[in-house]
Each structure stands twice: as structure tokens, then as C-alpha cells.
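Colleague: Got a predicted structure here, sequence first:
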Amino acid sequence: MRWPARLQMLLRSVFLRRQADADLDDEMRDHLQREIESNIQAGMSPEEGKLAAQRLTGSVSLYKEECRDARGVRLIENFVRDLRYAMRMLRRTPFFTAIAIATLALGIGANTTVFTFIENILLRSLPVHNPEQLVELNWGDTMNISYPNYADLRDRNTVFSNLIAYRFNSANISIHARDNARVWGYEATGNYFETLGVRPLLGRFFTPADDDKPGGHPVLVISDRLWRSRFNADPNVAGKTVKINSYPFTIIGVAAPSFTGTELVVAADYWVPMSMELQLEPGNDWVHSRFSQNIWTMGRLKPGASRAQAEADLNQIGGQLARAYPNVLDRNRPFHLSRPGLIGQDLRGPITSFGVVLMGIAGAALLLACINLAGMLLARASDRHREIGIRLALGASRLQLIRQLMTESLLLAVSGGVLGLAIAFGACRLFSSWHLAFDIPFTTALHPDGLVLGFTAAIALLTTILFGLAPALQAIRADVIPSLKNEPASNRLRRVGVRDFLVAGQIALSVILVICSVLVMRSLQHALTLNVGFKPEGAVSLSFDMPAQQYTKDGGRSLDARLLAEASTLSGIQSAGIINSMPLNLGGGETEFISRADRPVPKPSERHVAFSYNISPGYLRAAGTTLLAGRDVNDHDREGGRLVAVVNDALTHLLFGAGNALGKHVRMSTNPADPSVEIVGIVETGKYQSLSENPRPAIFLPIAQTGTRMTTLVARTPLSPGEATKRLRKTLLDLDPELTLFNVGSLKDQLALPLFPARAAAIVLGVFGVLAMVLAATGLFALMAYAVARRTHEIGIRMALGAQPVQVLSSVFRRTFLLCAAGISIGTIVTLAAARLLSAVLYGVSPRDPATYILAILLMIAVAILASWNPATRAIHIDPARTLREQ
Amino acid sequence: MGKPTDLVQGTLDLLILKTISLEPMNGWAIAKRIVQVSKDVLQVQQGSLYPALHRLEHQGWIKAEWKDSENNRRAKFYSLTAAGRKQLKSELDQWRRLSSAIGLVIEAL
């Protein structure tokens, strides 16, 4: 039908109701007038004519109502009236309204946030042509596969229209001298872009013709982000030459902003043909090795080919390969296809279970919120039984009353939903702006979209029904006669019910979560002052790798020596030193065999390992590691000279007990013929892999006797980290303008990585702790409000008989006190029992720390008092005279 | 509360549409015209007429306009819309089919 016209009429009827009604009145008057005139013309007297016309017309107001119905207005008018009434009712009880909306907002906000996470990460498709045809190949339990195996799969399969492969790797990209960056990107097969069916923003993508011979086509596609950040969005960027890992490549195109590679969780910044592999990674000829399982594959299924067919076809080829290369491949490795975007099953599996668990928790929280709200509404309904009784007596239909009460619930749910959406948007923005403390460009962007809005609206409606319907049905069951006679609805006292258990459970749960989050937060505070074996304050570090093409072993050492000489004379730099990789950093901390040189090589079961680092003279001072005995490594420790090492306290205790370890020798090889290493210094024991580890042995060997391409320059300075790193960067680039620096910043910032598990735990526990506490509070509030409403009459009599407020409170709230006490005790006991599980993320705080427990219990008691404040004041302000008169 | 219905609802709609298909008319004139043309057989009550007019207007088949009528009085005139004309045609077809079918059955017995 003609919607515009209908809508216009409807809107006019609703918003210009007065005018529409006046219109109708005019029309009726006109009709009457004409009838009268016609009667007079027919020969009646004016009096008779008028009477006859009025007789014929009947009840004008009745069919005026029908006309209004015919305009389709009634529903809307009623709804608007219900809405006004609901607002008035909610405004009359601001405390209840605020609590209800806050609870719903938290519950809906949590669900919306989790749903956004799931929708953005698990359900989103790659921004490519027909993404539903694409599958990632998992072979056994991993997506990693070797290039020769990929080539065989590509050539022999019958189910894919195309099979692509790519390797995610980091590279140093140097645009001009002194303008270098470490970026992550793909070495991809030539058919990569045409299989995906994506279009470039600028220039062109590479094709199979660009991937036809090893080293043949040094071409490069860059991401939109790299183009904007490093090339100032230069429209003529195609054709420019840049160096990747010191090899010149020509830029041929820029990818569209939406395309950041074929994995959603990590963003790629460059793509080069896989045939350029040896130019990017000199000396690592993995393309020809069936052992090097380091690429990922993705196929586009032929139209009509099912996943099961594809898996069967792949398994057949896998069987052939396993027979042909029995020393490389295991026979029992089935292929499994998975939805692309999350690195096959490697990441999709854990993320899916994580999402399911989160959704379960959020859903349970919302369900509890609904149950508590239903309880609060029940209490309200018994407060209002007189009002409802009167309205029933005046002829309101039960349906009208239900609609009325449900409108109130809907209003609460919609307000809670809007607020919850705001919370979810805030949480997503927070999550998006959060940078993981890794060098890898993980994407954490979460964008709520239309689907999310729909989800929120749906759960808001669902919650309305969940928490609103039962109390509404209960309310309209009010008996008309007793409520009009001012008799109480029913004075039956409730037995211990499911709701009592739920409230006790919620209190217990929030005690557990609050204790855990306080413990983790205290431990975080502690961790910042924890001795990690170096002093993070007032020190900065810069890391770089020496490219194999330019630096021989001697070249590397001479760069180290020049760098140290320059850096330590720089103004503002107190001391400087080099280590291959800072302790507590990702990728560092390799362990090596260690034993006493004066004893035979121990049996495999009795061997010890130690974290091993390579350091330059001055590192210990720059990092702030305390030397307990002996000396630092120095310039006299050279290749060919006596092998020396500095070890930590834990190592000397492990190998030499309480005895003096200085001058003793240790061996680091199981071959007795290899030379041993002399201990020349002992340093304090620090943390090497995680902040919560027990003391572990570590050994520091001089760089001059070992050599390394991985270099981290550490400098102690009173300057700001920004200024200090600026000066050091200049010094470094003066020595070699093509070096690419990463992990540049203060040592304190770099502690973000080891602190990450604890920070994440603190955030999650804190959020759930607050949620649980709010839920427990609303649950308590609902119970107490209900108790007071039910026993108003009894309380009135007690007070009339002289009961003191304290006596009234104790009689009304005895059960609630018991519930609180039970909940708090259960929560405390459970936490004490499960404390061991927490110790993995706790540093320097006992999981049974009494102060924390007392704090959490006090907090819970405070929340309980807060929740019962309103019902309690209502109970003691009951006016005996009025209650007795009314009931 | 039931309303007094003189005519089957759909039939009244058809009569109204047919009556105003010649020229725009006000409510009173529509009722009078139906009474006259049907030789006083079909009495249209005000209580049925106006709700029907509003319903038809709501459905977009007729539109209403305040216009000057005879001796300087203003009245609300109803006229067919394009959609209303189409609706009238289909209702007329239906009515003819139905009445001839009923006629056939009655004659045959």
C-alpha cells in the first residue's frame, strides 16, 4: 500500500491529534446541520427536524473513537500513554530505577562487547572476492608446511581452482639512508593476488609472471598504512626503489586500506614474490627444503567442491608424499580445512574457546541480572498491589495492565541497552587503542557495526521478557476485593528459596573475584618495585640486527666497539653496554647446558641448564645489575684468550653450593674436550623469562669471545627516554645509515611485555569483580525490598507495640544477614583453597595475603550495607498508625 | 462493544468508492446518494459511514479535502485516489463475479 501517504496520515493523527479531532468535530457538525436542513425541507418544523437528526446520529463520541481506530492511532496513542505513565512511575522510585538501569547496562554492555569481539574476529570474512570459497589448509595440528610439499599439493590436487602460499616474516625496509623501519609482511606466491581477487589502490599487484624464476623480479607491494606513514601517500610511489634487508626492490603497487593480508589478527605491510626468498633471507634456502615447514597455504575451492571432498583429495596426496619421503613426513597426518583469517586451527581453536567462555560468563551475568531485577520488580509489584487492585476494579483489563507493566520493563531495558551500548563502544575503543607489547603488528581493532546494534536490541528485548513478564503476571493476579479493603495481599512467609541460594552464590562469587583482583593489583604494584636483576628506571635500550650481507664476525665486533666508544662519550649518557637480548624480552633467554668442569659430564637426567647471554664490558653497569663479587668482563677478554664468564648467584649455589665460585671453571658443552669457562664475576639473580619464576641460573659471556648479530644497546642516562634514544639513534646511524632499529625506548616500557599476563588478569578480574559486586548488590537489594514490602503490616504492629528500630531491622533482615555471612564465608574459603592457581601471575604477594582478604570482606560488607540502606530506612520509617489504619 | 452494521463491511466500502467515483462528495451527500439510488433500501448510518471513510483514507484509496460547498459553507469532500480507482475496479469485478455466481446457483435450484 502507499506507505508515504499512510505514514503522513498516521504522523498527522498522532502529532496533530487536536487538529485531527477538531476536524472530525467540524465534519460531524456539518453532517448534523445538513440533516436538519434536509428534514426542514421535507416539511418538519425546526424543532422536529433537529430532534429527528439527533436521533439518527446516535452517540457521536463512540464513532469518533472508531474513526480514530480506523486511522490506526489507538495503538500508538496507548503506547505513548503507557510510556508516560511508566516514566512517571520510574521517576517516583529513582533509587530502584538507577539500580535497575545500571545492572542492565553492565549486563548488556558486557554481552555487546563480547559479541563485538566474536563478530569481529571469529565471524568476519576476509575482504576479498567470494571469501566463502577460501579455506586454510591445516596438516595435522599446524598450518605450517614446506614449499616443496605446497608445490606438490598445488600441482596434484583436483579440488582447488587455485592454491596460494605465503610466509609471514619481518624485514628491514630502508627507504632512504637513515630512514629504516622493521616491518612485517608476506613472501607470497605469484598467484596470491589474482586468487584473492583484490584490487590495488595504486599501481599493480604482482602476478605469476613476476614469480617465475628465483631472484628474477625484485618487485614489492606495500600496504596503505606503510604508504601513508613512510611515503607521505605519494601518488607516484610506483617505480620507486627501496631496500629490503639491504637488497633493492621496486615498488609496483599499494594495497587498498581494507586489505592487510590474509590473516585478520596480524597486519602485513609488504608483499614480495616468493621467488625473491634468497634475496630476503640470504643463506636460508628453505624453498628447496622439505624440512623447512614455514609457509601457510590457502586454497580457493572449485565451484561445487565440498570441504569433505577437498580433505579426501588432500589426504590422498598426503599419503603419496608420506610414502615418497618417509623420513620427513608422518603417515598419520590428516588434512583439515578451516575458515581463513586466524592462522588455521592454530589460533582459531583457542580464540573460539575463549570467545565461548567469555560469552558464557557474560550471558550468565545478564541472566543473574535479570533474575535480580525480576526480584526487585516482584517487590515493587507487592508494593503496588493496592493500585493494581483499584485499577482492576475500575475496569482495566488484565491485558492492559500487563502491557502497562511490560512498558515499564521495556523502558528500563531500553535505557539499560543504550547505556550498555555506550559501555560497549567505550570498551571496544579502549581495546582498539591498546597496543600489544610485541614487535608483531597484532590488530586489536574492534568495530561495533549494524549486526552488533541488532544483537544489543535483541538482548534488550529478551531481557525485558525475562525479567518483566513473571512479575507482571504475578502483579495482575491481585485479588480485587482484599486490596480494596486495604488487606495485605498475602502474608505467607517465604521459605528458603532458589533466590536465597542465588544471592548467597553471587555474594560468594564477588568475594572470590574481588579477592583475586585485589591480589593481582597489589602484585602489579609490587612487580614495579621487584628486583628483576636490572634497574629499569633511568635506562633506555635500542635493538638492531646486523645484516649478514655486510657484517662478518670481525665486522660486527668492530661495530660494537665503535658504538660503545661513541655512546659512552655522548653527553648525558652515563654508561653504555651491549647485550644480545635483554632478559625478560620475547625471543631472548636461550638456555644452555652447564656443569662443573672439575667433575665428569653428568648423566642426561642430572644435567642443568642456564640462561645464557652475551654481553660487552659496561653492560652490567648500564643495566644496573649489581656485581656481588669479582669483576665485569673487560677489553682483555678476547677471542683466543682465556674463556671467562660472569654468572649469577643462583648458578653458583646450584653448582658450588655455599663455596666460593670465583676462579672455578664450568663447562658449557657435553664434549669433555671442549674448553671450559672460568668464572670471573658473580652478579645478583634476576628474572629472565617471567616475573613470577623462581631463581634460575644464568651465565653472561663476553661478546668478544662469542659474537652475535642480535644487538641491544643499553644506556643509563638522566635524560628523558625520548631525548636519550634520539641521541643514541643518531650515533648508531652515523656509524651505519642502513641499520634498522626496533624496541626503542625506556627499559621500563619494555617491562610491559612480562607484565602483560598480570595486567590482563587484573583487568579481566577487575571488570568481572565489579560486575559480580553490582549483581550481588542488586540481588540483596531485591531480597530486602521484597522482605520489607511483604511485612509492612507486621512491622507496623511491632512498632506500635514499642519495638525499637534495631529490633525491627534484626527481625526483618536476619535471613539476609545470614545469607551475606554464608556467601562471604563460602567465597573466602573457596579462594583460600584455590589460591595456588593464582600464584602463576602473582609476584611478591602471597595468594593468602590476610590484608587482601580483610579488605575484600570489608568491601563486600560495605556493598551489602549500601544495598540494604534503602529497604532498611523504609522499614524503620514505617508509620505504625498509618499501617494499622490501612491494613 | 459491537457496532450496528447495516451492510457487510466490504460492501459499504464498495458503495462508497463507487459513489464518489463520479465526483468528490461530502459524507452527508454520500449517505444520501446511497439511500436515494437504492430507493431507500440501503440505509447508511453515520456510525458506519465515518469510520469507513477514515479507514479508506488510511488505506490510501480516497483522499479528503476541506472545500467550499453551496451557500458558502465549508465541507469535507472525499474523492478517489489513483489507487482507489484500481481498488474500485477490482472490487467491482469481484462483486460481479460473486453476484453472478450466486445468481447461477439460485436460478439452477
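Modeller: The structure has been received and is ready for your questions. Not measured: the values here are computed from a predicted model.

Colleague: gap between A:Gly426 and chain B?
Modeller: The spacing between A:Gly426 and chain B, counted by C-beta to the nearest C-beta, to the nearest Å, is 44 Å. Heads up, the C-betas are built off the backbone N, CA and C, glycines and all.

Colleague: In which helix or strand does that residue reside?
Modeller: Using DSSP states H and E, A:Gly426 sits within helix A:398-432.

Colleague: go on, A:Pro718?
Modeller: Using DSSP H and E, A:Pro718 is not contained in any helix or strand.

Colleague: how about the helices in the stretch 601-750 of chain A?
Modeller: Assigned by DSSP state H, counting those that start in this stretch, the stretch 601-750 of chain A shows helices spanning A:619-623, A:649-656, A:703-706, A:721-735, A:747-750.

Colleague: next one: the stretch 251-400 of chain A
Modeller: A:277-280, A:307-324, A:344-383, A:385-393, A:398-432.

Colleague: Please identify which of the helices of the stretch 601-750 of chain A is closest to A:Arg29.
Modeller: Evaluated with C-beta to C-beta, the helices of the stretch 601-750 of chain A place helix A:747-750 nearest to A:Arg29, the distance being 82.6 Å.

Colleague: Show the secondary-structure elements that the host helix or strand of A:Val808 is packed against.
Modeller: Under the criterion of DSSP H and E, A:Val808 resides in helix A:805-838. Other helices and strands packing on helix A:805-838, by 3 or more C-beta pairs under 8 Å, 6 or more residues apart in numbering or on different chains; DSSP states H and E, are helix A:498-529, helix A:752-790, helix A:792-800, helix A:850-876.

Colleague: Mind putting those helices into JSON lines with mean pLDDT, distance to A:Val237 and mean neighbour count?
Modeller: As requested, the helices and strands packed on helix A:805-838 are exported to JSON lines (pLDDT from 0 to 100; distance: least, C-beta to C-beta, whole Å; neighbours: other C-beta atoms under 10 Å in any protein chain shown):
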{"stretch": "helix A:498-529", "mean pLDDT": "79", "distance to A:Val237": "44", "mean neighbour count": "21"}
{"stretch": "helix A:752-790", "mean pLDDT": "78", "distance to A:Val237": "34", "mean neighbour count": "22"}
{"stretch": "helix A:792-800", "mean pLDDT": "82", "distance to A:Val237": "78", "mean neighbour count": "19"}
{"stretch": "helix A:850-876", "mean pLDDT": "86", "distance to A:Val237": "57", "mean neighbour count": "17"}
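
Colleague: got those as JSON lines, with distance to chain B columns?
Modeller: Below are the helices and strands packed on helix A:805-838 laid out as JSON lines (distance: least, C-beta to the nearest C-beta, whole Å):
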{"stretch": "helix A:498-529", "distance to chain B": "44"}
{"stretch": "helix A:752-790", "distance to chain B": "38"}
{"stretch": "helix A:792-800", "distance to chain B": "40"}
{"stretch": "helix A:850-876", "distance to chain B": "44"}
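
Colleague: Neighbouring strands - and their directions - for the strand of greatest length in chain A?
Modeller: Criterion DSSP state E: the longest strand present in chain A is strand A:160-176. Strand A:160-176 has the following strand partners under DSSP bridges: strand A:179-188 (antiparallel), strand A:241-244 (antiparallel), strand A:293-301 (antiparallel).

Colleague: Please render those as CSV that adds mean pLDDT and mean neighbour count to the earlier fields.
Modeller: CSV is the format used below for those (pLDDT from 0 to 100; neighbours: other C-beta atoms under 10 Å in any protein chain shown):
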stretch, mean pLDDT, mean neighbour count
strand A:179-188, 86, 22
strand A:241-244, 88, 18
strand A:293-301, 88, 23
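
Colleague: how about the strands in chain B?
Modeller: Under the criterion DSSP E, strands of chain B are mapped to B:25-26, B:62-68, B:74-80.

Colleague: Out of those, which gets nearest to chain A?
Modeller: For chain A, the closest of the strands of chain B is strand B:74-80, at 5.0 Å, according to C-beta to the nearest C-beta.

Colleague: Give the pairing partners of the closest one; include direction for each.
Modeller: Partner strands and pairing direction for strand B:74-80 (DSSP bridges) are strand B:25-26 (antiparallel), strand B:62-68 (antiparallel).

Colleague: so which of the ones you listed is the most packed in?
Modeller: Mean neighbours per residue, mean count of other C-beta atoms under 10 Å in any protein chain shown, is largest over the strands paired with strand B:74-80 for strand B:25-26, with a mean of 22.

Colleague: what separates that one from the chain centre, distance-wise?
Modeller: Its chain's C-alpha centre lies 11 Å from the corresponding centre of strand B:25-26 when counted by C-alpha atoms, centre = their mean, to the nearest Å.

Colleague: Next, give phi and psi for A:Thr456.
Modeller: The phi and psi values for A:Thr456, taken as degrees, to the nearest 10, are phi -60, psi -40.

Colleague: Now do it: how many residues are near it, please.
Modeller: The burial count assigned to A:Thr456 is 22, neighbours taken as other C-beta atoms under 10 Å in any protein chain shown.

Colleague: Then A:Asn130?
Modeller: By other C-beta under 10 Å, 12 other residues sit near A:Asn130.

Colleague: Isn't it up against A:Leu196?
Modeller: No. If you go by C-beta atoms under 8 Å, A:Asn130 and A:Leu196 don't touch, sitting 9.5 Å apart.

Colleague: what bits of chain B have low per-residue confidence?
Modeller: Along chain B, segments meeting pLDDT under 70 span B:1-10, B:71, B:109.

Colleague: go on, the stretch 501-650 of chain A?
Modeller: Low-confidence segments of the stretch 501-650 of chain A (pLDDT under 70): A:528, A:548-549, A:586-591.

Colleague: ranges for the strands of it?
Modeller: Using DSSP state E, counting those that start in this stretch, the strands of the stretch 501-650 of chain A run over residues A:539-545, A:575-579, A:590-596, A:608-615, A:627-630, A:644-648.

Colleague: Which one of those lies nearest to chain B?
Modeller: Closest among the strands of the stretch 501-650 of chain A, once you apply C-beta to the nearest C-beta, is strand A:539-545, at 73.5 Å.

Colleague: from the middle of its chain, how far away would that closest one be?
Modeller: Counting by C-alpha atoms, centre = their mean, strand A:539-545 comes out at 30 Å from the chain centroid.

Colleague: One more: stretch A:716-736?
Modeller: The chain centre lies 35 Å from the centre of stretch A:716-736; the measure is C-alpha atoms, centre = their mean.

Colleague: Can you point out the buried residues in that stretch?
Modeller: A:716-717, A:719, A:721, A:724-725, A:727-729, A:731-733, A:736 (16 or more other C-beta atoms under 10 Å in any protein chain shown).

Colleague: cool, and stretch A:364-384?
Modeller: Neighbour-count burial for stretch A:364-384 flags A:365-366, A:368-384 (criterion: 16+ other C-beta under 10 Å).

Colleague: can you check stretch A:734-750 too?
Modeller: For stretch A:734-750, the neighbour count (16+ other C-beta under 10 Å) marks A:736, A:738-744, A:746-747, A:750 as buried.

Colleague: what about that stretch, distance to the chain center?
Modeller: Distance of stretch A:734-750 from its chain centroid, counting by C-alpha atoms, centre = their mean, is 30 Å.

Colleague: sorry, back to before: may I see the strands of chain B organised as JSON lines, with distance to A:Asp155 added?
Modeller: Converted to JSON lines, the strands of chain B look like this (distance: least, C-beta to C-beta, whole Å):
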{"stretch": "strand B:25-26", "distance to A:Asp155": "84"}
{"stretch": "strand B:62-68", "distance to A:Asp155": "73"}
{"stretch": "strand B:74-80", "distance to A:Asp155": "73"}
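
Colleague: Many thanks, have a good one.
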